[in-house]
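*Asks:* Okay, here's the prediction I keep looking at, along with the sequence it came from:
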2 protein chains.
Amino acid sequence: MEKPKLTIDEMAVFCKRKGFVYPSAEIYGGIAGFYDFGHLGVELKNNIKKEWWKTFVQQRDDVVGIDGSIITNPNVWKASGHVDGFTDVIVDCKKCGSRFRGDTLIEDKLKIPTAGMPLDEIAEKLKGHRIKCQKCGSELSEPKKFNLMFSTNVGPVQGSVAYLRPETAQIIFADFKLVQENARLKLPFGIAQIGKSFRNEISPREFLFRMREFEQMELEYFVHPEKQDECIFIEEVSDYELNVLSAEMQKNKKNMGKLTIRQCLSKKIIRTKWHAYWLASMHKWFVELGANPEHFRIRQHVKDELSHYALDTWDLEYEFPFGWRELQGLSNRTDFDLKQHMEHSKADLSLFDEESKKKILPHVICEPSQGVERAFLVFLFDAYSYDKARENVVLRLHPKLAPVKIGIFPLVSNKADVVKKARGVYDELKQRWACTFDLSGSIGRRYARADETGIYATVTIDFESLEDDSVTIRSRDTTEQIRVKISELKDVLTKFMEGEKLGKLGKSVGVK
Amino acid sequence: MEKPKLTIDEMAVFCKRKGFVYPSAEIYGGIAGFYDFGHLGVELKNNIKKEWWKTFVQQRDDVVGIDGSIITNPNVWKASGHVDGFTDVIVDCKKCGSRFRGDTLIEDKLKIPTAGMPLDEIAEKLKGHRIKCQKCGSELSEPKKFNLMFSTNVGPVQGSVAYLRPETAQIIFADFKLVQENARLKLPFGIAQIGKSFRNEISPREFLFRMREFEQMELEYFVHPEKQDECIFIEEVSDYELNVLSAEMQKNKKNMGKLTIRQCLSKKIIRTKWHAYWLASMHKWFVELGANPEHFRIRQHVKDELSHYALDTWDLEYEFPFGWRELQGLSNRTDFDLKQHMEHSKADLSLFDEESKKKILPHVICEPSQGVERAFLVFLFDAYSYDKARENVVLRLHPKLAPVKIGIFPLVSNKADVVKKARGVYDELKQRWACTFDLSGSIGRRYARADETGIYATVTIDFESLEDDSVTIRSRDTTEQIRVKISELKDVLTKFMEGEKLGKLGKSVGVK
């Protein structure tokens, strides 16, 4: 069994061929940076969102969710700084009209980091190093700023500009007080949101990695400004181990090292317990859903990389085929956003502190911000494998994520009583799980198709089933098969889905 | 127990007060037609979507889902007719600048229907009846067409116009062939989608009823063009009864009548079995989730109302406080859309018919199109009741829809061992259900709060629990209470949630 390194383009081909992801409206040539999720992709994406929501919202009594609108009052984006500052620097080719990002041109040519580089320095470097158009070699225009927010007009009157949100976070800040009051939240607490965001990227690329329309799972975790290090959950993750690359290590050109959360805190590599807790919790979420921990690391932003609102940021990174890249950003946003919104809206967003009898403004000690599609890629990359013995792709997705959990196959398609019995089983199982009923092609072909799309278990109904009401269950991962009674099927499948070994759940009848 | 008729404004107040829905970014004055869903609203909305998806996608082997992007190639909207035809007629006040819909002004003044009225007739009627500005009484401008699609620019180049989708349906048509091939679908089959759509309504109104950003649950059901009446599921709904108002009945000024699907078909009131089947199935979905069937009717579009793409349309209507209104539209779209996309994209969207060995273009025999927020309103209106005995609102949402299923309450908050035991119960139950843990205020106050937000069952842990490991379960709907062992709690709650009477599941200990 071997695990080939798929390239991102190969992954895009696989996703299209199997019904996970298509370029949006491909019959019209698509549109750069926009994708449609197919019949399996929508289920995988929904499962990822459901698991995140269950873990970080529903099973926690310190976190509630909201679902804000994509277009909101444009003053939100003035207060947040997006109207003025959410920009990239672009340059045009004077001859062919192609557009480029100024910083990308410099990075490609000079091999130096450009994070935080101001406009005039970019202009100077482009000119100083005589950087030309990458397409036709002609001269480039002066660089200028380009706002990445998509804008539109609301209402029939021209000029009433509004924006498609570039992040879900600000809706949480704008609604902060209403949510806190209605849900009767007491510090420390979090407010989470899953939903679409839009960024008018100049060059969307790497398939689902950098899209113009994407989905976020964001959590703003608020703490008392004077209790920023009192994390009540830290013991849950103290011994948790992960690959760490701090700003200091990057400065000293050191490689990442494997450390426990306890070590990160005692060596003051991670500044607060809360930040450490959320880093570990998010990492753990991926691993518990089947991702390979060796493909992850946490990396601290170096000084120039930090956003204007962030005191400290760590990225949870994943080793994509095109290198280590941000999977999730976890920032300490302080009270920056609530302060901005208080100033711009004149609303009082402070809370009354029962202890000190004073008004306080909470700090966002950590904002884990995860792109759904990046998580989607991670789970696919870590699940994809080519099985030499089977001469077939096997998509080893965690049963909680698999788009279809169970395939129900009548051994033969031309015997009415076998098909009917199989349909009975299907009708029963689909009440509990996402199932598929397949009777076309040889049973081997059907197993192969099931393996390729990640179906966790298959149930085969044959002639013997007509006599003794037993069926065969086959494991996607091991190809092991057991025989069980139909009456026990639901219980056995439940246990198998929860992680028990198939061989322990019934009479083994071999491997195929 | 009485059921007051809430107005839509009162419902909006209730929704804001309890954390269901807020005006988007209200601290900035909101923005007309856009709403944010609060900590309970997001759960109710998610539950509605989950149940719809389970019923119409996951539990059917003739339907698959997709999740297309909001912004897609703009040619999709040229082909569909939206760029040219998705317009309202607007007029401006020449003095104060207010804008109005021409048809609405005519309907208000002349009390005549305006559906399908062409621009020149609207102009003539406005002039002929000297209709003036409703705000200041001044003269109005000539009416003109206004496109309801929100537009934006994609990429850094000005002029590359794209649109926010005004419906999810067209993404299904654009991706039709890829989805059919990948999911190996054979006619008849359906493709479904849930997602946001945007319409730049001139006057958004009636709270969530007419919004500018909203969510749709749409299903396109495709059949063989020569087998348009071969509905294999019709027997499932033949005896299903509903309120019916056909075009004929409207023409003859008759009231709606109660008919079975069988009667609708034998009297040729509904044209095809498929249309009848989907009308009944969608109606049934609401009723099985707790809505009151007496508040529903199906109404056929009269000739002038029909959209350009529709051969026949029936609306599933609900009696809102402001009258009978469309809840869901179910159109026979024929092969209109696939034809349009074939013509504009030059792609072959036909299927090969194994039987006749010919290429065929499927017909959309029925497109049930449901607004999520309208369903949200329906379930809230039908669940809302004021209980005189309790002097309290009780939100009788179906357990599958209730945002929180179970409240876990320690009887007293100042006894550590009671609180600890209660937390143990909470930690156990939250693995399976959305739960809340509440220890503030008297137990009566906590019951009242739970009833108001629709919590289906509450579990109280008291001093007795410390001795014999038993707890009290209380029913939201009847206030009946039973005593059960903690070890049996999960089983009992599962059965209660599935509809069994609480009194049969344990020792009754009265009502309160």
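*Replies:* In hand now; what should we look at?
*Asks:* so what's residue A:300 up against?
*Replies:* For residue A:300, the contact set (CB atoms under 8 Å, 6 or more residues apart in numbering or on different chains) comprises A:245-247, A:250, A:269, A:312-314. Every residue, glycine included, has its C-beta placed from N, CA and C.
*Asks:* Could you dump those residues into CSV and include secondary structure and neighbour count?
*Replies:* Below are those laid out as CSV (DSSP: H, G, I helix; E, B strand; the rest coil; neighbours: other CB atoms under 10 Å in any protein chain shown):
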residue, secondary structure, neighbour count
A:245, strand, 20
A:246, coil, 22
A:247, helix, 18
A:250, helix, 15
A:269, coil, 21
A:312, strand, 19
A:313, strand, 24
A:314, strand, 29
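*Asks:* would a markdown table of those residues with pLDDT and distance to chain B be doable?
*Replies:* As requested, the contacts of residue A:300 are exported to a markdown table (pLDDT from 0 to 100; distance: CB to the nearest CB, whole Å):
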| residue | pLDDT | distance to chain B |
| --- | --- | --- |
| A:245 | 97 | 33 |
| A:246 | 96 | 35 |
| A:247 | 96 | 32 |
| A:250 | 95 | 31 |
| A:269 | 96 | 32 |
| A:312 | 93 | 28 |
| A:313 | 95 | 25 |
| A:314 | 97 | 28 |
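*Asks:* Name the residue of the stretch 51-200 of chain A that lies nearest to chain B.
*Replies:* Nearest residue of the stretch 51-200 of chain A to chain B (CB to the nearest CB) works out as residue A:182 at 3.3 Å.
*Asks:* And the helices in the stretch 251-400 of chain A, which stretches?
*Replies:* A:261-266, A:273-288, A:336-345, A:372-383 (DSSP state H, counting those that start in this stretch).
*Asks:* Which one, of those, ends up nearest to chain B?
*Replies:* helix A:336-345 (4.0 Å).
*Asks:* The closest one - contacts with which helices or strands?
*Replies:* helix A:75-79, helix A:169-174, strand A:363-371 (3 or more CB pairs under 8 Å, 6 or more residues apart in numbering or on different chains; DSSP states H and E).
*Asks:* which regions of chain A lie under the pLDDT threshold?
*Replies:* Applying pLDDT under 70 to chain A picks out residues A:1-4, A:157-159.
*Asks:* Domains in it, by residue range?
*Replies:* A:8-86+A:148-380, A:87-147, A:404-511 (automatic domain parsing).
*Asks:* Just want the phi and psi numbers for the nearest residue to the residue of the stretch 51-200 of chain A closest to chain B once chain neighbours are set aside.
*Replies:* Nearest residue to residue A:182, sequence neighbours excluded (CB to CB, 6 or more residues apart in numbering or on different chains): residue B:19, at 3.3 Å. Phi and psi for residue B:19, reported as degrees, to the nearest 10, are phi 90, psi 30.
*Asks:* which parts of the stretch 251-400 of chain A sit against chain B?
*Replies:* A:341, A:344-345, A:347, A:349 (CB under 8 Å from any CB of the partner chain).
*Asks:* could those residues go into TSV alongside neighbour count?
*Replies:* As requested, those are exported to TSV (neighbours: other CB atoms under 10 Å in any protein chain shown):
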residue	neighbour count
A:341	24
A:344	16
A:345	19
A:347	16
A:349	21
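*Asks:* of all those residues, which two lie farthest apart?
*Replies:* The two members of those with the most space between them (CB to CB) are A:344 and A:349, at 10.9 Å.
*Asks:* Spit out the contact partners of the closest residue to residue A:233 other than its chain neighbours.
*Replies:* Closest residue in space to residue A:233, ignoring its immediate chain neighbours: residue A:277 at 5.5 Å, by CB to CB, 6+ apart. Residues near residue A:277 by CB under 8 Å, 6+ apart: A:231, A:233-234, A:236-237, A:261, A:366.
*Asks:* Sitting in helices, which of the residues you listed do you find?
*Replies:* residue A:261 (DSSP state H).
*Asks:* which of the contacts of residue A:277 are buried?
*Replies:* The neighbour-count criterion (16 or more other CB atoms under 10 Å in any protein chain shown) marks A:231, A:234, A:237, A:261, A:366 among the contacts of residue A:277 as buried.
*Asks:* tally of neighbours for the closest residue to the second one other than its chain neighbours?
*Replies:* Closest residue in space to residue A:234, ignoring its immediate chain neighbours: residue A:273 at 4.6 Å, by CB to CB, 6+ apart. If you count neighbours by other CB atoms under 10 Å in any protein chain shown, residue A:273 ends up with 22.
*Asks:* Repeat that for residue A:502.
*Replies:* Residue A:502: 21 neighbours (other CB under 10 Å).
*Asks:* Next one: it relative to residue B:87, how far apart?
*Replies:* Distance, residue A:502 to residue B:87, by CB to CB, to the nearest Å: 60 Å.
*Asks:* What of residue A:251?
*Replies:* Note on residue A:251: its distance to residue B:87, by CB to CB, is 60 Å.
*Asks:* The two - which one has more neighbours?
*Replies:* Using other CB under 10 Å as the criterion, residue A:251 and residue B:87 rank with residue B:87 on top: 15 against 10.
*Asks:* how about the more buried one, what does it touch?
*Replies:* Listed by CB under 8 Å, 6+ apart, the contact set of residue B:87 reads B:145-148.
*Asks:* Select only the buried ones of the residues you listed in PyMOL?
*Replies:* Here is the PyMOL command that selects the buried residues among those (16+ other CB under 10 Å):
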select buried, chain B and resi 146+147+148
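*Asks:* ok, how many other residues are close to the residue lying closest to residue A:304 once chain neighbours are set aside?
*Replies:* Leaving aside its chain neighbours, residue A:304 sits nearest to residue A:116 (4.0 Å; criterion: CB to CB, 6+ apart). Residue A:116: 14 surrounding residues under other CB under 10 Å.
*Asks:* now swap in the one 10 residues further on and tell me
*Replies:* By other CB under 10 Å, 23 other residues sit near residue A:126.
*Asks:* Quick check: it vs residue A:438, distance?
*Replies:* Distance, residue A:126 to residue A:438, using CB to CB: 57 Å.
*Asks:* now residue A:286
*Replies:* For residue A:286, the distance to residue A:438 - CB to CB - is 31 Å.
*Asks:* next one: residue A:448
*Replies:* 11 Å.
*Asks:* Equivalent analysis for residue A:474, please.
*Replies:* Taking CB to CB as the measure, residue A:474 falls 13 Å from residue A:438.
*Asks:* One more: residue A:312?
*Replies:* Going from residue A:312 to residue A:438 by CB to CB gives 51 Å.
*Asks:* Break down the stretch 401-512 of chain A into its helices, ranges please.
*Replies:* With helices called from DSSP H, counting those that start in this stretch, the stretch 401-512 of chain A shows them at A:416-429, A:443-452, A:463-468, A:489-497.
*Asks:* out of the ones you listed, nearest to chain B?
*Replies:* Across those, chain B has its closest neighbour in helix A:416-429 (7.4 Å, CB to the nearest CB).
*Asks:* ok and the closest one relative to helix A:489-497, angle-wise?
*Replies:* Interaxial angle of helix A:416-429 relative to helix A:489-497 (axes from the mean of the first three to the mean of the last three CA atoms, to 10 degrees): 60 degrees.
*Asks:* distance between helix A:416-429 and the chain's centre?
*Replies:* Taking CA atoms, centre = their mean, to the nearest Å, one finds the center of helix A:416-429 at 37 Å from the center of the full chain.
*Asks:* next one: stretch A:154-163
*Replies:* Relative to its parent chain, stretch A:154-163 has a centroid offset of 32 Å by CA atoms, centre = their mean.
*Asks:* Can I get it in PDB, CA atoms only?
*Replies:* C-alpha atoms of stretch A:154-163 as PDB (Å, rounded to 0.1, in the frame of the first residue of the first chain):
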ATOM      1  CA  VAL A 154     -28.200  48.100  -2.200                       C
ATOM      2  CA  GLY A 155     -31.600  49.500  -3.000                       C
ATOM      3  CA  PRO A 156     -32.500  51.100  -6.300                       C
ATOM      4  CA  VAL A 157     -30.500  54.300  -5.800                       C
ATOM      5  CA  GLN A 158     -27.000  54.400  -7.400                       C
ATOM      6  CA  GLY A 159     -24.200  55.200  -5.000                       C
ATOM      7  CA  SER A 160     -25.500  53.300  -1.900                       C
ATOM      8  CA  VAL A 161     -22.400  51.200  -1.800                       C
ATOM      9  CA  ALA A 162     -22.300  48.000   0.400                       C
ATOM     10  CA  TYR A 163     -19.800  45.200   0.600                       C
END
